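K.L.:
sequence-free structure coming up:
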């Protein structure tokens with residue numbers, strides 16, 4: 001065993017993340033198929049996706065404060081147990097209304113888990129191990145992206161909803177047990193913060209809104225965090241157009257069937273796994289900032305090229321490279337944040353990222369609906385790629401971009 005997995009605490013956090021992520025993908029696919037069979041409605045599935053996204057936008061600021069002020073281990077354990085209980089609630093009443101309510105609450109629990117997990121890693125590992133740890137996380141995430149929906153579909157079709165959700169609930173419980181025995185160093189909140197927390201404890205009162213504003217001011221005033229959040233939002237807003245538009249693009253421009261979409265998703269995940277393996281070596285050679293900006297420029301260029309290719313085989317090849325590039329970008333992105341952000345703000349910064357992600361995806365869905373009425377799928381992808389390329393180029397040439405390039 002090599003690299004960050006030699007650290008027993010990181011090994012537990014990584015395995016717990018694998019189990020909870022796989023459980024989320026499996027249960028999500030099972031519930032999608034169940035609703036499809038029961039409702040046979042596009043609107044019904046769209047509502048499920050919306051409820052998986054919007055509550056997270058609202059809960060993210062408070063989740064970040066919780067990750068900074070409470071024990072990160074306790075937050076992750078509570079989120080896992082909550083998700084297990086929510087799945088069991090569906091078994092008691094598998095009506096669409098209950099499934100929608102569970103989807104909304106499940107998204108809140110996930111938003112609580114992810115910032116706590118991301119901000120716990122730099123408290124476990126030294127800075128030099130972070131690129132390798134994030135590379136491993138990208139490999140894991142992409143393997144889950146490939147396997148989770150397939151496992152969920154096969155389990156549901158072979159055994160039904162009850163067995164599938166019971167197994168998923170078990171994965172969350174096992175994740176919680178792993179985390180409960182994990183040692184995670186407490187974040188350094190500074191002397192003033194420590195006094196404030198001590199004095200606030202007897203009153204059982206946390207200044208959530210003040211803490212949220214403090215986190216936002218910190219992110220907005222930080223010379224590296226600000227451009228990183230901007231790039232993250234722009235990237236997801238442009239690339240987020242792919243999923244709702246891709247079926248039309250494949251049918252109208254590539255002349256393929258819906259199965260090509262599934263193939264491209266699987267190929268993207270395979271590329272992402274390869275990119276996660278390669279990213280630490282690339283970061284060691286080019287530096288974290290140079291790797292990140294280069295990968296983002298490559299992603300924008302690939303999206304533009306993808307829009308102009310009309311052959312299925314070439315399109316699938318581009319998607320594979322696209323997956324590699326995304327993983328290569330994500331590794332230094334997280335490593336830089338985990339290194340430069342003060343420990344007392346880690347949870348709030350990562351919750352801000354999660355909120356930005358959800359907002360960007362909602363924006364992308366809205367843009368897809370609006371643009372689809374005015375442009376062909378080919379021109380939507382072209383416009384998104386060019387806009388993405390323009391923003392990344394502008395940030396790269398700005399002083400903040402030069403500061404990012406200097407980050408080794």
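P.N.:
That came in fine, so what should we check first? Everything numeric in this text was worked out from a predicted model, so none of it was measured.
K.L.:
domains for this protein, by residue range?
P.N.:
1-220, 223-340+373-403 (automatic domain parsing).
K.L.:
Please work out the average pLDDT along the longest one.
P.N.:
Translated: domain 1-220. Averaging pLDDT along domain 1-220 gives 79.
K.L.:
quick one on the thing from earlier: could you dump the domains of the chain into JSON lines and include mean neighbour count?
P.N.:
Backbone N, C-alpha and C define where each C-beta goes, glycine included. Formatted as JSON lines, these follow (neighbours: other Cβ atoms under 10 Å):
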{"stretch": "domain 1-220", "mean neighbour count": "19"}
{"stretch": "domain 223-340+373-403", "mean neighbour count": "19"}
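K.L.:
Rebuild the ones you listed as JSON lines, extending it with distance to residue 350.
P.N.:
Rendered in JSON lines, the data for those read as follows (distance: least, Cβ to Cβ, whole Å):
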{"stretch": "domain 1-220", "distance to residue 350": "4"}
{"stretch": "domain 223-340+373-403", "distance to residue 350": "7"}
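K.L.:
what's the helix or strand residue 299 falls within packed up against?
P.N.:
Assigning secondary structure by DSSP states H and E places residue 299 in helix 288-308. Where contact means 3 or more Cβ pairs under 8 Å, 6 or more residues apart in numbering; DSSP states H and E, helix 288-308 is packed against helix 225-239, helix 258-286, helix 312-340, helix 377-397, helix 399-405.
K.L.:
right, and residue 329 touches residue 290 too?
P.N.:
No: distance between residue 329 and residue 290: 11.6 Å, which falls outside the contact criterion (Cβ atoms under 8 Å).
K.L.:
who are the neighbours in contact with residue 407?
P.N.:
Shown in contact with residue 407 (Cβ atoms under 8 Å, 6 or more residues apart in numbering): 224, 287-289, 336, 340.
K.L.:
out of those, who's nearest residue 239?
P.N.:
Taking Cβ to Cβ as the measure, residue 336 is the one of those closest to residue 239, at 19.8 Å.
K.L.:
In space, what's closest to the closest one - neighbours in sequence excluded?
P.N.:
Nearest-residue entry for residue 336: residue 288, 5.2 Å, with adjacent residues in sequence omitted and distances by Cβ to Cβ, 6 or more residues apart in numbering.
K.L.:
State the pLDDT value of the one you found.
P.N.:
The predicted local distance difference test score for residue 288 is 89.
K.L.:
so the helix holding residue 299 versus helix 258-286, what angle?
P.N.:
150 degrees (axes from the mean of the first three to the mean of the last three Cα atoms, to 10 degrees).
K.L.:
relative orientation of helix 288-308 and helix 312-340 in degrees?
P.N.:
Taking the same axes, to 10 degrees, one finds helix 288-308 and helix 312-340 inclined to each other by 160 degrees.
K.L.:
what's the angle from helix 288-308 to helix 377-397?
P.N.:
Going by the same axes, to 10 degrees, helix 288-308 makes 160 degrees with helix 377-397.
K.L.:
And the strands in the stretch 101-250 of the chain?
P.N.:
Counting by DSSP state E, counting those that start in this stretch, one finds no strands in the stretch 101-250 of the chain.
K.L.:
Where do the helices of it begin and end?
P.N.:
Using DSSP state H, counting those that start in this stretch, the helices of the stretch 101-250 of the chain run over residues 130-159, 161-180, 190-200, 208-221, 225-239, 242-249.
K.L.:
can you tell me which of those helices comes nearest to residue 314?
P.N.:
When these are compared (using Cβ to Cβ), the closest one is helix 242-249, at 13.7 Å.
K.L.:
mean confidence score for the closest one?
P.N.:
Looking at helix 242-249 alone, the average pLDDT works out to 75.
K.L.:
Show residues contacting it.
P.N.:
Surrounding helix 242-249, the residues in contact under the criterion Cβ under 8 Å, 6+ apart are 258, 261, 264, 303, 307, 364-365, 368-369, 372, 377-378, 380-381.
K.L.:
Next, format the residues you listed as JSON lines and append pLDDT.
P.N.:
Listed next are the contacts of helix 242-249 as JSON lines, based on pLDDT from 0 to 100:
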{"residue": "258", "pLDDT": "55"}
{"residue": "261", "pLDDT": "67"}
{"residue": "264", "pLDDT": "77"}
{"residue": "303", "pLDDT": "89"}
{"residue": "307", "pLDDT": "86"}
{"residue": "364", "pLDDT": "79"}
{"residue": "365", "pLDDT": "72"}
{"residue": "368", "pLDDT": "78"}
{"residue": "369", "pLDDT": "75"}
{"residue": "372", "pLDDT": "76"}
{"residue": "377", "pLDDT": "82"}
{"residue": "378", "pLDDT": "83"}
{"residue": "380", "pLDDT": "86"}
{"residue": "381", "pLDDT": "86"}
